[in-house]
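A.B. asks: Have a look at this prediction, sequence included:
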Amino acid sequence: MTILTRAAHRFPAYFDRLIESFHAGHSGRHAHLGYWHPAPETETSAIGFEEAQAALNEHLIAMTVPRSGSRILDVACGFGGLIQQLDHVVSGTELHGINLDDRQLNICQQLRSNHGNVLRWQEADACDLPFADAMFDLIFCVEAIFHFQSREQFLSEAKRILRPGGRLLLTDFTLKESSALPAFCMEAVLTDGYGPWPDPWCRRGNVFQLLNAQGWQNIVCEDLTAETLPTYRHILPRGMDSARDPGDPATRSALMLQWLQQNGHLTYDCIAAHTGASL
């Protein structure tokens with residue numbers, strides 16, 4: 001999950017820990033949930049957390065079938081894990097990553113292409129993309145859109161910079177207002193460790209609705225809640241009592257996300273769309 005809101009200049013509390021862990025050599029380039037398919041029924045799994053994180057990227061890449069010789073943008077690129085995997089799939093391609101956090105961009109800049117691709121990193125706001133119209137063939141946005149000041153504005157910007165027939169693939173948490181807990185309580189906990197989270201309940205419209213309203217075509221939504229839920233077994237401390245306040249904002253927010261997913265109040269959605277007319 002990566003924050004991209006220049007106006008706020010606030011980054012989620014858990015990223016301090018992720019950055020420290022990366023520099024200490026304790027974690028890799030992935031900064032998102034894992035993907036287990038089929039979802040394991042017990043804590044025993046054939047693959048570990050970092051492998052599952054890479055598997056999520058593989059799933060997203062397979063959904064888009066990136067083409068060599070194209071231009072691809074990863075919005076809120078984290079530590080560059082997705083672009084690193086794309087580098088093994090395409091050649092002769094411009095792979096762009098943007099973020100507002102220069103600490104994350106500094107980590108990305110350590111990467112070098114092994115397959116003749118050009119890697120470009122840039123500080124930029126997802127809601128005000130500094131690119132020409134119709135510049136890109138494919139845009140990814142993994143676990144970040146819920147941090148943006150406006151989902152609608154980002155989707156509009158993405159459509160502007162995609163060529164005719166260009167594709168967008170993103171993941172988002174879709175939270176529902178059916179919970180027994182007051183919405184303001186959950187928003188406070190989520191924002192505490194994972195904020196900013198300007199519109200957690202999608203009151204301005206969820207991504208599927210916004211894409212439809214903007215005239216995107218071939219919109220597909222895949223619910224990956226079951227496949228990503230095992231993540232919490234890996235990121236939460238073992239043996240912790242979920243009924244007690246852990247005292248740490250990031251852990252508290254992770255517990256809330258786990259509870260929301262387990263109780264059917266939150267879905268983890270993978271959404272794909274394209275701009276319509278092709279060249």
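C.D. replies: In hand now; what should we look at? Residues are numbered from 1 along each chain as shown.
A.B. asks: Give the buried residues for the lengthiest helix in the chain.
C.D. replies: With secondary structure taken from DSSP state H, the chain has its longest helix at helix 49-64. Within helix 49-64, the residues that qualify as buried are F49, A52, Q53, A54, A55, L56, N57, L60, I61, T64, counting by 16 or more other CB atoms under 10 Å. (Each C-beta comes from the backbone N, C-alpha and C, glycine too.)
A.B. asks: Including distance to E227 and pLDDT, could those residues go into CSV?
C.D. replies: What follows is the buried residues of helix 49-64, written out as CSV (distance: CB to CB, whole Å; pLDDT from 0 to 100):
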residue, distance to E227, pLDDT
F49, 13, 94
A52, 9, 96
Q53, 12, 97
A54, 14, 97
A55, 9, 97
L56, 8, 98
N57, 13, 98
L60, 12, 97
I61, 16, 97
T64, 18, 94
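A.B. asks: Spatially, which two of these are the most separated?
C.D. replies: For the buried residues of helix 49-64, the farthest-apart pair by CB to CB is F49 and T64; their separation is 23.8 Å.
A.B. asks: Compute the number of surrounding residues for T275.
C.D. replies: Other residues lying near T275 total 22 when counted by other CB atoms under 10 Å.
A.B. asks: Equivalent analysis for F154, please.
C.D. replies: Neighbour count of F154, defined by other CB under 10 Å: 27.
A.B. asks: if we can go back for a sec, with only the CA atoms kept, save the very next helix or strand once past the longest helix of the chain in CSV.
C.D. replies: The C-terminal neighbour of helix 49-64 among helices and strands, as given by DSSP states H and E, is strand 71-75. C-alpha atoms of strand 71-75 as CSV (Å, rounded to 0.1, in the frame of the first residue of the first chain):
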residue,chain,number,x,y,z
ARG,A,71,5.0,2.3,-22.2
ILE,A,72,3.8,1.1,-18.8
LEU,A,73,3.2,3.2,-15.6
ASP,A,74,3.0,2.0,-12.0
VAL,A,75,1.2,4.6,-10.0
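A.B. asks: hmm, back to that, tabulate the buried residues of helix 49-64 in JSON lines, adding columns for distance to V207.
C.D. replies: As requested, the buried residues of helix 49-64 are exported to JSON lines (distance: CB to CB, whole Å):
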{"residue": "F49", "distance to V207": "26"}
{"residue": "A52", "distance to V207": "23"}
{"residue": "Q53", "distance to V207": "22"}
{"residue": "A54", "distance to V207": "24"}
{"residue": "A55", "distance to V207": "22"}
{"residue": "L56", "distance to V207": "17"}
{"residue": "N57", "distance to V207": "19"}
{"residue": "L60", "distance to V207": "15"}
{"residue": "I61", "distance to V207": "20"}
{"residue": "T64", "distance to V207": "16"}
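A.B. asks: Out of these, which is nearest to F11?
C.D. replies: Using CB to CB, Q53 comes nearest to F11 of the buried residues of helix 49-64, at 19.6 Å.
A.B. asks: before we move on, back to that, between the longest helix of the chain and strand 71-75, how many degrees?
C.D. replies: With axes from the mean of the first three to the mean of the last three CA atoms, to 10 degrees defining the directions, helix 49-64 sits at 130 degrees from strand 71-75.
A.B. asks: now the strands for the stretch 101-250 of the chain?
C.D. replies: Assigned by DSSP state E, counting those that start in this stretch, the strands in the stretch 101-250 of the chain fall at 118-123, 136-141, 162-175, 217-223.
A.B. asks: The first one pairs with which strands, and in what direction?
C.D. replies: Counting by DSSP bridges, the strands paired with strand 118-123 are strand 94-99 (parallel).
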